[in-house]
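# attaching a predicted model along with its sequence, questions to come.
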Amino acid sequence: MKEQSKPYYIYFLQTLALAIGLFFVPAVINVITDPYFIYHRPFFNLNPGFDGNDRVQNAGIINSWVADPDENINTLIIGSSMSENMPLHIFENNKDGKAARLTISGGKPVELATIAQHAFEKANIKKVIWEIYTPYWLSDPQAIREDSPLPAFLYNDNKWDDWRYFFNDDVFKDAVKITTGIKNKRKKTLEELYNWKNEEQFQKFSSPENVKKITERLAAVSPISVSSKKDMEEYDFPNIQANLVPIIKNNPQIEFSLFFPPTSYYSYSVRGSAGFWKYMAMREHVMLALQEYPNVAFYGFDLISDIGGDIGNYMDPAHYSPDVSMIIAKSIKNGDHIVTLDNWEHYQAVTMSNVNDFRDNTVH
Amino acid sequence: MLFNSSIFIFLFLPISFAAFFMCKKLGYGKLALAFVALSSLIFYGWWDASYLLLLMASIVINYGLSRMIVRSHRKGGWLAVGVMGNLLCLAYFKYIDFFISNINSLADSALPVQNIVLPLGISFFTFQQIAYLVDTRKGQTDEHNFLHYLVFVTFFAQLIAGPIVHHKQMMSQFVNHHKNAYDWKKAALGIAMFAIGLFKKTLIADELSPYVIPIFDVADQGQTIAFVEAWTAALSYSFQIYFDFSGYSDMAIGLGLLFGVRLPANFLSPYKAKNIIEFWRCWHITLSQFLRDYLYFPLGGNRKGTVRRYINLMMTMLLGGLWHGAGWTFIIWGGLHGLYLIINHGWRALFKSTKGSSNKFMAVFSCSITMLAVVVAWVFFRATNLSGALNIISGMIGLNGFDMQDVKEVEHSLNVWPIIIISAIIVWACPNSLEIIAHAEGVSDRKRYSWMPNKKWVMFIAMLLFLSLYFIVYRSNRISEFIYFQF
């Protein structure tokens, strides 16, 4: 090489080497810190806590806690934001093992199925409490939230695609917070993880101003009527076949407690007859699709009018309070409020009656 | 693939460069050039393999026509065939739907729109080849090697977004390419230019973009835009388009240098211009030169009197606007600049002055007026319809009031002002990328802020590269958190 070229050659190599070296620094920090515990728990017994970004954090809980035999986690709670207050300790005892919550806010059935399957592959799960909610009636079994999709690369066995976790701006920001001790909103235990209680929102929902709006909306809709009920064959819920049945079928060793969350009677009423019967039909489809599996039980709480009929239990038409979550958890634990195909007609009739009574009492 | 994409930076560029470098090092210069051509075809085909056929057909046919022009007695005839053929091809792919839509509007007809997908870079490689045919007819082309011609048209560094390269500027560089050893000075300058361009595109232009879109979308849908939001949109877009386009040109020049080719400058601090004439000598320089040499001059330029000169200017700018896009807003943008140029030339003729004032206040004033005119024109360039543009313009004037709007989509857009301020500082207080490397290239004596192969510049350029790569890779993998309840 000519002498006059040397400085430029050295400059070229040094620039490239420094740029590439710097490029890898955040990734290395992410590997060491692993803020979501995807590969390992915190080093040096540091406990930064669990992050509320459930779609990522659940992968870490599965890999580093559920998969750890010493943790003895054999019960899982799977569902949406409505299940985020389900108490773990109700399902735990020293003999039977511990529980973990793998809920995702705004989650879609395909995401819940992905998370559940990944957990089942990693550990010997014995019980699952699974929320069956409205997205199971979506026509697209691959539907996800476009603005916050599940990072599926964290829920497979392909380690090569995990580079997206390490070369990740959000992960790096969390790594910096953990490393520098910046205060964050992380929760220290699995029990409190994802819990929420927004007193202000609950008060607002049951405030006189909102009750007035609720009354006006209820007055604008007709009572639920049986005449709007369609035949079961007219409904198609591909999400059930695609994202629920295979999970149950492939895991006969797991005891599944599927529950129907107690939506407020207000919510049922404003959906109108068509919405009400579609929701009921979806639930019936679930029971029909899974009737042949002995390891599945169903729970419904719409007959408890003290829950659905009391606006004070809700912060919006669907999200019920932690107290209601406790009732649900204890009922499942004790085997109360079981729903079957045999008592389903009665269940629907009473629910319809309770909803219409609520509407009438509110409007009049 | 784009220059700022991961696949280009981490896969295509390293492989292409490594292969090219090894060929050069082993003394296979022609093979190195052939590899550049192959890489370029892969680069183009990555977007859509079917349009690769169009590109190759265009190259082969135009090359064949150039041979016919050289050998035939009917040179003019072959040239006419070539120019018409190229223009018809461009018209079909780029403008047919525009023509059909306008015919339907005027004649109240229902001719079916073709929904033609515009082949990437067709405006650029068509113009380049037209220029080659015209110059071949004039006897001004010396270089006729097919490989050199192929690389001239397809070189991936300039294929899809310019600079529009003149054959004289490029093909002559290939003649001795195979004999010369790899030029490390060019490589060093190349990596510096590429890093600066990548930074401009990734950290400034792409960061401005999300703030521009909501306001223009809302304006295009008919919503009136208040004063602050209107200026936010106009200034954001003015800086976005500058940093996007000049950044891409810098990257193109940098890539060219990595492969031993010096592409022409395309931007020379156009927003520092003190008048529109100067602006067009600094903005998209290669297009301006093409329009001047192959449209303005053949129309007569300024040789046929003042009135004809102004007509020629207006026609050139109107067609220049149309070249940018098949839409009336582009034509209006071109027309506005035509008007600006006419006013500028008229002013000069009236006051018999071609030199700017040395008075600093006047310089700032002139620059501000020029910038204002340019910003107003950009509003038309960016809007998708005339009413949207007028909504923003009327907002800028204050006709829609000064109160902040209560439109959810545009609330977030006001957070762009720190980036606007930083952009303004870079544009007006910093040297441009070509000024930075001018001293190293031997075209300037100025040493201050000039690139040198020393530690300071290693760190600076490496930091620019690192930040750009961080934004491209780390931020693209972000995991959005769904932060409020729903099922």
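In hand now; what should we look at?
# buried set for the least confident helix or strand in chain A by mean pLDDT?
Least confident helix or strand, chain A: helix A:199-205 with a mean of 87, by mean pLDDT, DSSP states H and E. By neighbour count on 16 or more other Cβ atoms under 10 Å in any protein chain shown, the buried set for helix A:199-205 is A:202, A:205. To be clear about C-beta, it is placed using only N, CA and C from the backbone, and glycine gets the same treatment.
# do the same with stretch A:168-183
Those would be A:168-175, A:177-178, for stretch A:168-183 by 16+ other Cβ under 10 Å.
# among those residues, which two are most distant?
Spatially, the most separated pair among the buried residues of stretch A:168-183 is A:169 and A:178, at 15.1 Å (Cβ to Cβ).
# tell me how far residue B:340 lies from chain A.
41 Å (Cβ to the nearest Cβ, to the nearest Å).
# what's the helix or strand for that residue?
helix B:328-351 (DSSP states H and E).
# how far off centre is that helix?
20 Å (Cα atoms, centre = their mean, to the nearest Å).
# can you list phi and psi of the closest residue to chain B within the stretch 51-200 of chain A for me?
Closest contact between the stretch 51-200 of chain A and chain B, by Cβ to the nearest Cβ, is at residue A:148 (3.8 Å). The phi/psi pair for residue A:148 (degrees, to the nearest 10) reads phi -150, psi 70.
# tell me the pLDDT of it.
For residue A:148, the model assigns a pLDDT of 83.
# around chain A, pick out the residues from chain B.
Selection of chain B residues close to chain A by Cβ under 8 Å from any Cβ of the partner chain yields B:181, B:183-185, B:187-188, B:191-192, B:195, B:453-455, B:457-459, B:461-463, B:465-466, B:469-470, B:473-475, B:477-482, B:484-487.
# please flag which of these sit within helices.
B:184-185, B:187-188, B:191-192, B:195, B:455, B:457-459, B:461-463, B:465-466, B:469 (DSSP state H).
# tell me who's in contact with residue B:330.
B:321-322, B:324, B:380-381 (Cβ atoms under 8 Å, 6 or more residues apart in numbering or on different chains).
# hmm, 7 Å instead?
B:321-322, B:324, B:381 (Cβ atoms under 7 Å, 6 or more residues apart in numbering or on different chains).
# try residue B:324
Residue B:324 touches residue B:330, counting by Cβ under 7 Å, 6+ apart.
# tally of neighbours for the nearest residue to residue B:438 once chain neighbours are set aside?
Residue nearest to residue B:438 in three dimensions, not counting chain neighbours: residue B:444, with 3.6 Å by Cβ to Cβ, 6 or more residues apart in numbering or on different chains. A count of nearby residues for residue B:444, using other Cβ atoms under 10 Å in any protein chain shown, gives 15.
# residue B:305 too?
10.
# may I have the phi/psi pair for it?
phi 100, psi 170.
# equivalent analysis for residue A:79, please.
Torsion angles, degrees, to the nearest 10, at residue A:79: phi 170, psi -160.
# grab the nearest non-local neighbour of residue B:240.
residue B:208 (4.0 Å).
# the one you found and residue A:266: what is the separation?
Between residue B:208 and residue A:266 the computed distance is 45 Å (Cβ to Cβ, to the nearest Å).
# ok, now residue A:345?
Distance from residue A:345 to residue A:266, by Cβ to Cβ: 24 Å.
# looking at these two, which one has more neighbours?
residue A:266 (25 against 10).
# would you say that one is within a helix?
Yes - assigned with DSSP: H, G, I helix; E, B strand; the rest coil, residue A:266 falls within a helix.
# top helix in the chain by residue count?
All of this refers to chain A. Per DSSP H, chain A has its longest helix at helix A:6-33.
# meant chain B, my bad for not saying
Chain B, longest helix under DSSP H: helix B:227-258.
# please state the mean pLDDT value computed over it.
94.
# pull the distance from the helix or strand following that helix to the chain's centre.
Going down the chain from helix B:227-258, the next helix or strand is helix B:276-282, by DSSP H and E. Distance of helix B:276-282 from the chain centroid (Cα atoms, centre = their mean) equals 15 Å.
# show the subsequent helix or strand relative to helix B:276-282.
Taking DSSP H and E, what comes next after helix B:276-282 is helix B:285-291.
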